[in-house]
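1. coordinates for the following, if possible.
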Amino acid sequence: MEIKKKQEKHGERTKAILDKYAGKYAKETTGQKVYSCSVCGFEYVGDLNNEPDDYKCPVCNMPKAVFKEI
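-> Presented below is the predicted three-dimensional model:
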């Protein structure tokens with residue numbers, strides 16, 4: 001039962017951090033393409049097609065084929 005309580009608190013702390021800093025570090029993406037890595041959730045802003053075929057996600061090192069436009 002204690003693990004469940006810790007997991008719930010972790011989610012609350014993570015949300016609080018995101019709420020605090022999201023606006024400060026968020027990129028303006030209006031009018032730009034945004035792609036999301038389907039493995040880790042990293043978001044690439046810009047035209048991913050301009051990257052070389054061997055481009056890899058900087059977070060999880062997966063190939064650009066796993067990115068989906070959002």
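2. identify the residue nearest the geometric centre of this structure.
-> Phe42 (2.9 Å; C-alpha atoms, centre = their mean).
3. so who does that one touch?
-> By C-beta atoms under 8 Å, 6 or more residues apart in numbering, Phe42 lies in contact with Ser36, Cys57, Pro58, Val59, Cys60. The C-beta positions use only the backbone N, C-alpha and C, and glycine is treated the same way.
4. so the last one makes contact with Cys37?
-> Yes. Cys60 is within contact range of Cys37, at 6.5 Å (criterion: C-beta atoms under 8 Å).
5. more neighbours, the two?
-> A count of neighbours by other C-beta atoms under 10 Å puts Cys37 above the other of Cys60 and Cys37, at 20 against 12.
6. for the more buried one, list each beta-bridge partner.
-> Phe67 (DSSP bridges).
7. so who does it touch?
-> Shown in contact with Cys37 (C-beta under 8 Å, 6+ apart): Glu43, Tyr44, Cys57, Val59, Cys60, Met62, Val66, Phe67.
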